[in-house]
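task: produce atomic coordinates for the following.
(chains A and B)
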Protein chains: 2
Amino acid sequence: MMLSTRENVHQKLDWLATFSESTLGVTRLLYSKAWKDAREALIAYMKSLGFSVYEDAAGNVFGRIQGETDDVILTGSHLDTVKNGGKYDGAYGVLAGIHAVYHTWKTYGTPYKTLEAAIFCEEEGSRFKTAYIGSRYIVGDASEEDFSAEDAAGHSVNQAREALGLTASLSFTGRSDIERFIELHIEQGQQLEQSGDHLGIVKAIVGQQRFTYQISGSANHAGTTPMNMRRDALEAAALMITAINRLTKEAGDPFVATVGTIEAAPGSVNVIPGEVTFTLDVRHPEDEKLTAHVLQLEKACVAIADEHNVKLDVQRFVTIEAVPMDEQMVNDLHEICEQEQLTHKLMYSGAGHDAQVVGRSVPAAMLFVPSRHGLSHHPDEYTEPQYLENGIAILEKALSSWAWKEK
Amino acid sequence: MMLSTRENVHQKLDWLATFSESTLGVTRLLYSKAWKDAREALIAYMKSLGFSVYEDAAGNVFGRIQGETDDVILTGSHLDTVKNGGKYDGAYGVLAGIHAVYHTWKTYGTPYKTLEAAIFCEEEGSRFKTAYIGSRYIVGDASEEDFSAEDAAGHSVNQAREALGLTASLSFTGRSDIERFIELHIEQGQQLEQSGDHLGIVKAIVGQQRFTYQISGSANHAGTTPMNMRRDALEAAALMITAINRLTKEAGDPFVATVGTIEAAPGSVNVIPGEVTFTLDVRHPEDEKLTAHVLQLEKACVAIADEHNVKLDVQRFVTIEAVPMDEQMVNDLHEICEQEQLTHKLMYSGAGHDAQVVGRSVPAAMLFVPSRHGLSHHPDEYTEPQYLENGIAILEKALSSWAWKEK
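Now for the predicted structure:
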């Protein structure tokens, strides 16, 4: 049995990255073969470490160390990635959780509360038009609708799930045994790199809303349709994207808005696009301000559509509320960092995380380690091994303090 | 044997439209199965009418009625379509050519000059990054480079050609036996519909240039990258597309510029696009003005790229010079229309055509019939049967006048 040590976590990340659909970076979309193979390898790994391993119908996996009570202290992150993502996003929290639970158990023996290392099946929303299915499923915040969401090929979440042999019946009631949750993750921004701190303790995670903007004009010949007689869906889309960026810059930090995908049909060099669809992702740590901004963007785009005689249909497909982390857990992490003499910073998370979903139902906390150049969702993601180890050291201390303190 | 009549051309167009890769409209990309099947069906049809049929290495097909001399009066159009195009673009000229040659022969017997109905293999440039391969091949204006151009899947023209069994050696010297060429086509604009004329006689065809604009920024996380620290390739592309449309409107008719395709990578909802590629198609009947405008557009886009800290690479992949039609042939067509009492209009063609390519080497002419709402490159293309028949009637008269007048 290969021993899990804090020091070899970067090697384990390299190993986990080999499970990928792409050669450029890591691509592990939900219910893909790479995803399935990675999950099975991690199940085998946890079993070899002595965990009791079980899964739920969505495909989440839990490595359990039974305590004297059934109250669960849960830690972990997600296994899926964006297309051509990096080795660390999600994967680090998964491996850190396994490692920290294992070492806490080996160091202190049977805990008072039960410890579980979680591998969430999906967080990124990169394949299907829904996101955070894994963590939402365990807290009873997922629905049939999520499992009906389709990918670009028209396959639903449920079809893809069953095609992979995950045929257990779905139940949307959620778990009631989780006492608290902590997630370790790379920062995905440059705040820690710029401040030089070892760790970030998250005080709140931004809310986010995602939309599909669908513009319908009229496809026509590129040579014989005068400029002033066109109903060019891409011309309108370009003006909308420009307006979205301008208005969001004017609104100022921490507002962010991103158009990440765009498709123009019919998609020929010599045909005016009649249909354009793009996605919009908007974030802010205060839900009211976020919603007001989102409405302002839509209003501006409706005006552009009217002016250009095209039709605009806006559909929201993801709403994640801003979530404050648990105050007591934040204080505990602060004290542990002080004891361990690791510099740290209280901060917001501009990225969504499983801790945000779980944190709406049970006390939750998040720890960040620095990420070089703030890169994430990118093949060049990198965190120095020492930073990876620091994060796990703090996670181990936190788990031991929470799982044993009531004894 | 099914007799070819002027009156059943709309039924033959419906029949030819059944050879399609798509159910929405007609999709017959070069060297696709639908293209191959349509071509073989037309070869069988021409043989059944008594034509001597032969093909060249590119895949062009010619139905020949041998005259007393080998000088060829050529008529026809192209078999390929855009994605989800209509039943008439190209196909009408192909069937009209077959019909008119057949009936002229049946009416007047063996001609003095040889008549040929041409089926050009490719005109649209919808699959590969090159266009007009068919007509350029016959006049010696194609090259190895054209046959190395790739489609979206990375297959070259030549690979696709050979995969279909067209394995004859290519020769780029062109034919020297063509005396003149005439092409019948739907207008693809609204000038005839608005003027109420039966026919358009083309005096010149616009020049066109096509480009790939490739923008390289930096892919990054949609939530953790502040707006002012982004190198968003799609934000820059949207500004470029807006500038292209604005500058072209300012330049005024008959300038047209179209961005017909756009792709953003990596293409995830929650990732800032690091790479965007779009195509640009620009047209004008005067080559000098066209080139000046194209340079102005590129200059404006370079300035946008610089301002947004992204890299812009512009590659021109199609250059078609503006071409005047043969003055004598234009006069002949005018006189025939007068004799037949069909109202007609002298006009420019904003669309590129095979007649433009052939017209650089030999005298060429074009006839337009009205197209409902000016629609083309669209599933809803439609021309009334009476207009289709009018066009063929004039083509028959023209062929008989040119193929027999020297006798």
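
for residue A:241, the count of nearby residues, please.
Neighbours of residue A:241 under the rule other Cβ atoms under 10 Å in any protein chain shown: 26. (Each C-beta comes from the backbone N, C-alpha and C, glycine too.)

so it makes contact with residue B:232?
No. At 9.3 Å, residue A:241 does not count as touching residue B:232 under the criterion of Cβ atoms under 8 Å.

now do the shared contacts for the two.
Counting by Cβ atoms under 8 Å, 6 or more residues apart in numbering or on different chains, residue A:241 and residue B:232 have no common neighbour.

and the end-to-end length of stretch A:251-261?
23 Å (Cα to Cα, to the nearest Å).

and for stretch A:161-177?
Its first and final residues considered, stretch A:161-177 spans 25 Å by Cα to Cα.

repeat for stretch A:159-171
The first and last residues of stretch A:159-171 sit 16 Å apart, counting by Cα to Cα.

residues in contact with it?
Outside stretch A:159-171, the residues that touch it by Cβ under 8 Å, 6+ apart are A:30-31, A:36, A:56-59, A:127-128, A:137, A:144, A:147, A:151, A:155, A:158.

return the member of the residues you listed nearest to chain B.
Chain B has its nearest neighbour among the contacts of stretch A:159-171 in residue A:127, at 9.4 Å by Cβ to the nearest Cβ.

which residues touch the closest one?
By Cβ under 8 Å, 6+ apart, residue A:127 lies in contact with A:29, A:30, A:31, A:32, A:80, A:151, A:160.

and the residue nearest to the fourth one when sequence neighbours are not counted, what element?
In space, residue A:32 comes closest to residue A:21 once its chain neighbours are excluded; the distance is 5.6 Å by Cβ to Cβ, 6 or more residues apart in numbering or on different chains. Residue A:21 belongs to no helix or strand when assigned by DSSP states H and E.

and residue A:21, how close does it get to chain B?
According to Cβ to the nearest Cβ, to the nearest Å, residue A:21 stands 13 Å off from chain B.

tell me the pLDDT of that residue.
Note on residue A:21: pLDDT of 96.

that one and residue A:27 touch, don't they?
Yes. Contact criterion Cβ under 8 Å: residue A:21 and residue A:27 qualify, at 4.2 Å.

tell me, what's touching these two both at once?
Common neighbours of residue A:21 and residue A:27 (Cβ under 8 Å, 6+ apart) are residue A:34.

between those two, which one's more packed in?
A count of neighbours by other Cβ under 10 Å puts residue A:27 above the other of residue A:21 and residue A:27, at 23 against 15.

could you export the contacts of residue A:127 as CSV, including pLDDT?
Converted to CSV, the contacts of residue A:127 look like this (pLDDT from 0 to 100):
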residue, pLDDT
A:29, 97
A:30, 97
A:31, 97
A:32, 96
A:80, 98
A:151, 94
A:160, 96
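
which parts of the stretch 1-150 of chain A are strands?
Under the criterion DSSP state E, counting those that start in this stretch, the stretch 1-150 of chain A contains strands at A:52-55, A:61-65, A:72-78, A:114-120.

can you put those strands in a markdown table and add mean neighbour count, distance to residue A:288 and mean pLDDT?
Shown next, in a markdown table, are those (neighbours: other Cβ atoms under 10 Å in any protein chain shown; distance: least, Cβ to Cβ, whole Å; pLDDT from 0 to 100):
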| stretch | mean neighbour count | distance to residue A:288 | mean pLDDT |
| --- | --- | --- | --- |
| strand A:52-55 | 14 | 38 | 98 |
| strand A:61-65 | 22 | 36 | 98 |
| strand A:72-78 | 28 | 28 | 98 |
| strand A:114-120 | 27 | 29 | 98 |
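
go through those and name the closest to chain B.
Once the strands of the stretch 1-150 of chain A are compared by Cβ to the nearest Cβ, strand A:72-78 is nearest, at 12.9 Å.

for the closest one, C-alpha coordinates in PDB please.
Extracted in PDB, the C-alpha atoms of strand A:72-78 (Å, rounded to 0.1, in the frame of the first residue of the first chain):
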ATOM      1  CA  VAL A  72     -20.200  13.900  10.000                       C
ATOM      2  CA  ILE A  73     -17.300  16.400   9.700                       C
ATOM      3  CA  LEU A  74     -17.100  16.600   5.900                       C
ATOM      4  CA  THR A  75     -14.100  17.800   3.800                       C
ATOM      5  CA  GLY A  76     -13.400  17.600   0.100                       C
ATOM      6  CA  SER A  77     -14.000  19.100  -3.300                       C
ATOM      7  CA  HIS A  78     -14.900  18.200  -6.900                       C
END
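
adjacent strands (with direction) for that strand?
Paired neighbours of strand A:72-78 in the sheet (DSSP bridges): strand A:114-120 (parallel), strand A:178-186 (parallel).

off-centre distance for it?
Between the centre of strand A:72-78 and the centre of its chain there are 14 Å (Cα atoms, centre = their mean, to the nearest Å).

equivalent analysis for stretch A:266-275, please.
Using Cα atoms, centre = their mean, the offset of stretch A:266-275 from its chain centre is 34 Å.

and the contacts of that stretch?
Stretch A:266-275 is contacted from outside by A:214-223, A:225, A:230-234, A:264-265, B:82-84, B:124-126, B:210, B:258-261, B:279, B:281, B:352, B:377-378, using Cβ under 8 Å, 6+ apart.

next SSE after the lowest-mean-pLDDT helix or strand in chain A?
Here the helix or strand of chain A ranked lowest by mean pLDDT, DSSP states H and E is strand A:220-221, holding a mean of 86. Following strand A:220-221 in sequence order, the next helix or strand is helix A:233-251 (DSSP H and E).

quick one on the thing from earlier: backbone phi and psi for the residue nearest to residue A:32, please?
For residue A:21, the backbone dihedrals (degrees, to the nearest 10) come out as phi -80, psi -20.

who touches it in this structure?
By Cβ under 8 Å, 6+ apart, residue A:21 lies in contact with A:27, A:28, A:29, A:32, A:33, A:34.

for the stretch 151-300 of chain A, just list every one of the helices.
Assigned by DSSP state H, counting those that start in this stretch, the helices in the stretch 151-300 of chain A fall at A:157-163, A:191-195, A:233-251, A:287-307.

do the same with the stretch 1-150 of chain A
Using DSSP H, counting those that start in this stretch, helices in the stretch 1-150 of chain A cover A:9-17, A:33-49, A:91-108, A:133-138, A:144-148.

could you dump the shortest one to PDB, C-alpha only?
It stands for helix A:144-148. Extracted C-alpha coordinates of helix A:144-148, given in PDB (Å, rounded to 0.1, in the frame of the first residue of the first chain):
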ATOM      1  CA  GLU A 144     -35.200  16.400 -11.500                       C
ATOM      2  CA  GLU A 145     -34.700  19.500 -13.600                       C
ATOM      3  CA  ASP A 146     -31.000  19.500 -13.000                       C
ATOM      4  CA  PHE A 147     -30.800  15.900 -14.100                       C
ATOM      5  CA  SER A 148     -32.700  16.800 -17.300                       C
END
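
just the buried residues of it, please?
A:146, A:147 (16 or more other Cβ atoms under 10 Å in any protein chain shown).

that helix packs against which elements?
helix A:133-138, helix A:157-163 (3 or more Cβ pairs under 8 Å, 6 or more residues apart in numbering or on different chains; DSSP states H and E).

what's the distance between that helix and the middle of its chain?
Centroid displacement of helix A:144-148 relative to its chain, using Cα atoms, centre = their mean, is 18 Å.

contacts for it, please.
A:130, A:133, A:136, A:156, A:157, A:158, A:161, A:170, A:172.

swap in the second one?
Counting contacts by Cβ under 8 Å, 6+ apart, the residues outside helix A:33-49 that touch it are A:1-2, A:4, A:16, A:19-21, A:27-29, A:53, A:55, A:59, A:61, A:63, A:79-80, A:94, A:98, A:102, A:117, A:119, A:121, A:164.

go with 7 Å
Helix A:33-49 has contacts (Cβ atoms under 7 Å, 6 or more residues apart in numbering or on different chains) with A:1, A:4, A:16, A:19-21, A:27-29, A:53, A:61, A:63, A:79-80, A:98, A:102, A:117, A:119, A:164.

and the third one, by the same measure?
The contact list for helix A:91-108 (Cβ under 7 Å, 6+ apart) reads A:4, A:6, A:9, A:12-13, A:16, A:46, A:49, A:63, A:65, A:75-77, A:79, A:111, A:115, A:117-119, A:183-186, A:388, A:391-392, A:395-396, A:399-400, A:403-404.
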